[in-house]
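**Q** Below: sequence and its predicted model.
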Amino acid sequence: EVQLQASGGGLVQAGGSLRLSCAASGFTFDDYAIGWFRQAPGKERERISCIRSSGGSIYYAGSAKGRFTVSSDNAKNTVYLQMNSLKPEDTAVYYCTAGSSCLSLDAWGQGTQVTVSS
């Protein structure tokens, strides 16, 4: 059974940083793509980033480019999302997902709340 656990959210002031973690289990980690999505109240879910744990393929949404960095530690079956220069509009619940490719992410974990104060 695929299990994903996102953590690392919290309250931070604008301009600050947070690092989210996604601990994965139940599948062969280095064969999968891991994605990060977020959803703010009243807004549609937004794909933020995706990485193939085997390397070579990384995606960032325009809102994340230059501020967010995704990385993978295959030894720990964990993907990280380093978020810098946070803005109030980054406030959302952040979810990690997994699938066979960045266009086929079908396993979801519980989200972690990120709140950025102005």
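**A** That came through, no problem. Numbers count the residues shown, from 1 in each chain.
**Q** got the residue ranges for the strands in this structure?
**A** Ranges of strands in the chain, per DSSP state E, are 3-7, 10-13, 18-25, 33-39, 46-52, 58-60, 68-73, 78-83, 92-101, 104-108, 112-117.
**Q** Please report how far the residue most central in space within the chain lies from residue 73.
**A** Central residue check for the chain by CA atoms, centre = their mean: the C-alpha nearest the mean position is that of residue 36, 3.0 Å away. To residue 73, residue 36 is 15 Å away according to CB to CB, to the nearest Å. All C-beta atoms are positioned from the backbone trio N, CA, C, and that covers glycine.
**Q** which stretches of this protein have low pLDDT?
**A** Confidence mapping of the chain against pLDDT under 70 gives the ranges 29, 55-56.
**Q** count of residues packed around residue 48?
**A** Using other CB atoms under 10 Å, residue 48 has 24 neighbouring residues.
**Q** for the one 10 residues further on, same thing?
**A** Neighbour count for residue 58, taken as other CB under 10 Å: 14.
**Q** Just to check, it is in contact with residue 69?
**A** No. Look at residue 58 against residue 69 with CB atoms under 8 Å: they stay out of range, at 9.1 Å.
**Q** Residue 22: what's it in contact with?
**A** By CB atoms under 8 Å, 6 or more residues apart in numbering, residue 22 lies in contact with 4, 5, 6, 34, 36, 78, 79, 80, 81, 96, 109.
**Q** do the same with residue 82
**A** Taking CB under 8 Å, 6+ apart as the test, what residue 82 contacts is 17, 19, 68, 69, 70, 71.
**Q** which of the residues you listed count as buried?
**A** Among the contacts of residue 82, the ones that count as buried by 16 or more other CB atoms under 10 Å are 68, 69, 70.
**Q** Give me the distance between the first one and residue 10.
**A** To residue 10, residue 68 is 16 Å away according to CB to CB.
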